[in-house]
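A.B. asks: below is the structure, and that's it, no one-letter string:
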């Protein structure tokens, strides 16, 4: 088709036209058109084979935030170390978090067989990837002792007793609050709420036109569900009971939906995230009094607002309820359909799940050095504590009070996620009846689980 | 509706009164244009001023930064190869624009002015490609690009983006309106179709081509999804992917994002300002009116 | 009514009765005029037709094919016939998203049309500094939709946003613009108008500048007022442009805006801004349901084909051959 353009261009070069300027411009156009054809030759995609690809949202990258730089370095060092000692080499491919989570990139790659060999996986996506047959079994590469060392942290990453992903961190949710706001309102440590009603009362007291009293996640997504589950669990609610039967339409569920609905209806909790969801900006800008957030903000505060005075407390409970929080965190996994699934699986275990010292120390470094997380292995948690990683008042609280009541983020597949999400959104932001939305969600989940084939949902 | 060219030319009896009315209505229209422009401009202005804010104040909602900093721009250009991203986007957008204008004007000319069997049906088919919903064809398009060996290359960013029925459609509408006499004269002179297209139709379509050039360039400058899916080589990163890379795992550095967005938008504003004058100029000189 | 319309009609008739030229001459290099024209048209159209075929038509055909499969998102395909279409018919969320899309199109397209036509008429005037106004009005379109989303998220913020601050200054209560299902869709429409108005303004401007100045001068001599001039000259002669803008903005409203929705609302609150295109995206890329997404996408294309077929029939392909 390029030839047509060039051939046709020839007669036009006849002299005597008053359009010469246009002609030269078009001649330039002709060569520019030819450029892509030339470029194809030098830019063709690499054939499959070659180095293993490790897609992640940490590194290599450069950031003004020293914590982010350290996290990037942790990834780079780990891969360098592996490459120095192993034959199957690995390339790190960095994708920004927003792209990794919500993007087209990962799904498009996996759908076309171009998926990465090693990648980071969140609990919410586990079943979809497992049922798709892309998760390699890591068990053959692991020692029994190491599996024991992870303990219950592996529960949501196992199918039929086999391990398919290795968690790199555990991230519990808690309530963060602004100490200055607290004190200006005449409140003290003793006023830290332990019940839902107290929490709402204090939120009501602390709110102003430009300050949210209490912040719950408002944007629909897996993350919002994740932050909502603990409120449901606290009253004994479940999405699916231990036999896998739908149990969503319960008093505890309605109560949890009602909590968020009341908070929003009375103006205690905002309908959109303050400071466009930037926690540091929201607190520092004085737009927030209390915010349900995760442990990861401890290192963000340390990096961006080291002098800012904030505190954390356990999620309050409903009358007769039992304290529970949700535990998040990402894991490494290997692509069973990749270039070299064997080596990829070996790498995951080598990096995070071997009984060797450097594997354990690597996790310690990640959870208390570069980030602020609870380590998913007992051995790493002990070493991290010994290193003083949990000495600060806040981290100590996370480790000793907040984390112990934790429960791992469930691995419900998309249809179940969406049904719950619609119930949360409908009751919280559209004023739907709590009972009707809980019932509708339960029916959608029921319809889905009847025809569901695949690994256990719980 | 009357322009001031008319005011100077018509010397009728009611001229004086009419002129006064025109003047006051012109003042009113000018005022309206100023007000509307300011409303339209405000969010953009807010983006620019906010890019000088620090992270702690970027979300404060004020127009004027309270603690002014250049650091965001320094960061954008030093810590990230943003200049490289700008160059990539510039190169890709330029090649696409030039190629697309050339191909589309040829196709549109044929559809509007040449007679051949099945013309209307072909136009219908070309138009129908506009109705294809992008997210749905993304995966198949990725497969096609992979089969052609286009992934992870400039060619892969350029070639699939050239073909878009929008330009063909707009140019066809334009060519339908050109006076028939001009090309009839040329045909009588013995010019071939190529010469008619090249020497008469193309120069006459400069205004519309200028407008289309801006649209194509901008659309590709702002392209995000296809470059994201089709490349993973850092050297091929385009500017919009660069902007999105300032979002880290749990926090969003809005100050950097806004600074990068400002850097990405400025050349486009300059480009448009120049081109929109060119559109007006070429209309004046094309002898069309 | 005018010379242009007459020309259009003339061309229409010549087309209806194609010139019969003798092509029996047999001399090889001398193709008949008719065939030369065919050949030229073929060559002129070849690059674009080929490109559209490879990069749009083939993927679309593949996508329609996918709609008959259950797709895992990890390379496994299972033929399920019309299963995805049956699921679509019974999916209340899909129909909700279609309703929202309908509402969105019905408000966005006419508002956008009127605003950009108005702006086009305004900036066609020889006002002092008109180039600056054009640039300022076009400015929003220069910014990518992702950044536009970020920008408006700040401006519409419940607590610190400029809009609410202005309202409070005027003694009103602020509104949770993006946090209420009834307001959020309105916000998306308003932002979209803000982004696109300068773009269609330029297209209208190009169309307006094609209308020969003599007509206006004649109307002026007849003593026609601005409204009469608009109704009898501008509006009828602008019809090809109007048709184009109407059709394109409808198609763009149905298939576009995804980037903006991601950033601004992510489909929320309570699915209030979950346009069909967003729901399709979510099923495909969020949930890996490519087969189902393809079925819904194909259905959407079908609807657009019907809409444009109706528009085309009424306007004879946007030619307006028959004039007034």
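C.D. replies: Ah, there it is. Because the structure is a prediction, the values reported are computed rather than measured.

A.B. asks: so what pLDDT did residue 16 get?
C.D. replies: In the absence of a named chain, chain A is used. Here, the pLDDT recorded for residue A:16 equals 38.

A.B. asks: chain B was what I was after
C.D. replies: Per-residue confidence (pLDDT) for residue B:16: 63.

A.B. asks: nearest to chain B: which residue in the stretch 251-400 of chain A?
C.D. replies: In the stretch 251-400 of chain A, the residue found nearest to chain B is residue A:275; the distance is 3.9 Å by Cβ to the nearest Cβ. For every residue, glycine as well, the C-beta is placed using N, CA and C.

A.B. asks: how many residues are close by that residue?
C.D. replies: Each residue near residue A:275 was counted by other Cβ atoms under 10 Å in any protein chain shown, and the total is 27.

A.B. asks: I'd assumed residue B:59 was in contact with it.
C.D. replies: Yes: under the criterion of Cβ atoms under 8 Å, residue A:275 makes contact with residue B:59 at 3.9 Å.

A.B. asks: tell me how far the residue of the stretch 251-400 of chain A closest to chain B lies from residue A:294.
C.D. replies: When distance is defined by Cβ to Cβ, to the nearest Å, residue A:275 is 17 Å away from residue A:294.

A.B. asks: could you chop chain B up by domain?
C.D. replies: Segmentation of chain B into domains, based on automatic domain parsing, reads B:4-71, B:75-285.

A.B. asks: return the most buried member of those domains.
C.D. replies: Across the domains of chain B, the average number of neighbours (mean count of other Cβ atoms under 10 Å in any protein chain shown) peaks for domain B:75-285, which reaches a mean of 21.

A.B. asks: can the helix or strand harbouring residue A:176 be said to contact chain B?
C.D. replies: Mapping residue A:176 onto the secondary structure by DSSP states H and E places it in strand A:171-178. No: taking Cβ under 8 Å from any Cβ of the partner chain as the criterion, strand A:171-178 and chain B are apart, separated by no less than 9.5 Å.

A.B. asks: whichever helix or strand comes after that strand packs against which elements?
C.D. replies: Sequence order places helix A:179-184 as the next helix or strand after strand A:171-178, per DSSP H and E. For helix A:179-184, the helices and strands in contact under the criterion 3 or more Cβ pairs under 8 Å, 6 or more residues apart in numbering or on different chains; DSSP states H and E are strand A:310-313.

A.B. asks: give me the contacts around whichever helix or strand comes after the strand it packs on.
C.D. replies: For strand A:310-313, the following helix or strand on the C-terminal side (DSSP H and E) is strand A:325-328. Where contact means Cβ atoms under 8 Å, 6 or more residues apart in numbering or on different chains, the residues beyond strand A:325-328 that reach it are A:122-123, A:170-174, A:226-227, A:229-230, A:233, A:294, A:314-315, A:374, A:402-403, A:405-409.

A.B. asks: and stretch A:254-261, by the same measure?
C.D. replies: Counting by Cβ under 8 Å, 6+ apart, stretch A:254-261 makes contact with A:196, A:216, A:228, A:231-232, A:234-235, A:237, A:269, A:318, A:423-424, A:427-428, A:431, A:434-435, A:437-438, all of which sit outside it.

A.B. asks: let's see that with 7 Å instead.
C.D. replies: Stretch A:254-261 is contacted by residues A:196, A:216, A:228, A:231-232, A:235, A:237, A:318, A:423-424, A:427-428, A:434-435, A:437-438 when judged by Cβ atoms under 7 Å, 6 or more residues apart in numbering or on different chains.

A.B. asks: may I see the buried residues of it?
C.D. replies: Residues of stretch A:254-261 classed as buried by neighbour count (16 or more other Cβ atoms under 10 Å in any protein chain shown): A:254-261.

A.B. asks: check which helix or strand covers residue B:84.
C.D. replies: In this structure, residue B:84 is located in helix B:82-113 according to DSSP H and E.

A.B. asks: could you identify the helix or strand that succeeds that helix?
C.D. replies: Using DSSP H and E, the helix or strand that directly follows helix B:82-113 along the chain is helix B:119-128.

A.B. asks: show me what that next one is packed against.
C.D. replies: Helices and strands touching helix B:119-128, by 3 or more Cβ pairs under 7 Å, 6 or more residues apart in numbering or on different chains; DSSP states H and E, are helix B:165-176.

A.B. asks: packing partners for the helix it packs on?
C.D. replies: In terms of contacts (3+ Cβ pairs under 7 Å, 6+ apart), helix B:165-176 is packed against helix B:82-113, helix B:119-128, helix B:206-221, helix C:239-255.

A.B. asks: tell me the mean pLDDT over it?
C.D. replies: Helix B:165-176 shows an average pLDDT of 86 in the prediction.

A.B. asks: can you check stretch A:148-165 too?
C.D. replies: Confidence over stretch A:148-165, taken as the mean pLDDT, stands at 92.

A.B. asks: so which bits of that stretch are buried?
C.D. replies: Within stretch A:148-165, the residues scored as buried using 16+ other Cβ under 10 Å are A:149-150, A:153-154, A:156-159, A:163-165.

A.B. asks: from the contacts of stretch A:254-261, which land in strands?
C.D. replies: Secondary structure assignment (DSSP state E) places none of the contacts of stretch A:254-261 within strands.

A.B. asks: generate a ChimeraX selection restricted to the buried subset of those residues.
C.D. replies: For anyone working in ChimeraX, the buried entries among these, judged by 16+ other Cβ under 10 Å, can be selected with:
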select /A:196,216,228,231,232,235,237,318,423,424,427,428,434,437,438
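
A.B. asks: show me which of the contacts of stretch A:254-261 is closest to chain B.
C.D. replies: Once Cβ to the nearest Cβ is applied, the member of these that ends up nearest chain B is residue A:216, at 16.7 Å.

A.B. asks: quick one: residues contacting the closest one.
C.D. replies: With Cβ under 7 Å, 6+ apart, residue A:216 has these contacts: A:227, A:260, A:263, A:269, A:292.

A.B. asks: 8 Å instead, please
C.D. replies: By Cβ under 8 Å, 6+ apart, residue A:216 lies in contact with A:227-228, A:260, A:263-264, A:269, A:292, A:428.

A.B. asks: ramachandran angles for it?
C.D. replies: Per-residue torsions, residue A:216: phi -110, psi 150 (degrees, to the nearest 10).

A.B. asks: next one: it from residue C:43, what distance?
C.D. replies: Going from residue A:216 to residue C:43 by Cβ to Cβ gives 63 Å.

A.B. asks: just the pLDDT for residue 61.
C.D. replies: Looking at chain A here, since you left the chain open. Confidence for residue A:61, expressed as pLDDT, is 83.

A.B. asks: actually it's chain C I care about, not the one you picked
C.D. replies: Per-residue confidence at residue C:61 stands at 90 (pLDDT).

A.B. asks: quick one: contacts of the host helix or strand of it?
C.D. replies: For residue C:61, the host element (DSSP H and E) is helix C:58-66. By Cβ under 8 Å, 6+ apart, the surrounding residues in contact with helix C:58-66 are B:129, B:132, B:136-137, B:139-141, B:143-144, C:77, C:290-291, C:294, C:297-298, C:301.

A.B. asks: for it, buried residues please.
C.D. replies: C:58-60, C:62-64, C:66.

A.B. asks: which of the residues you listed sits closest to chain A?
C.D. replies: residue C:66 (10.0 Å).
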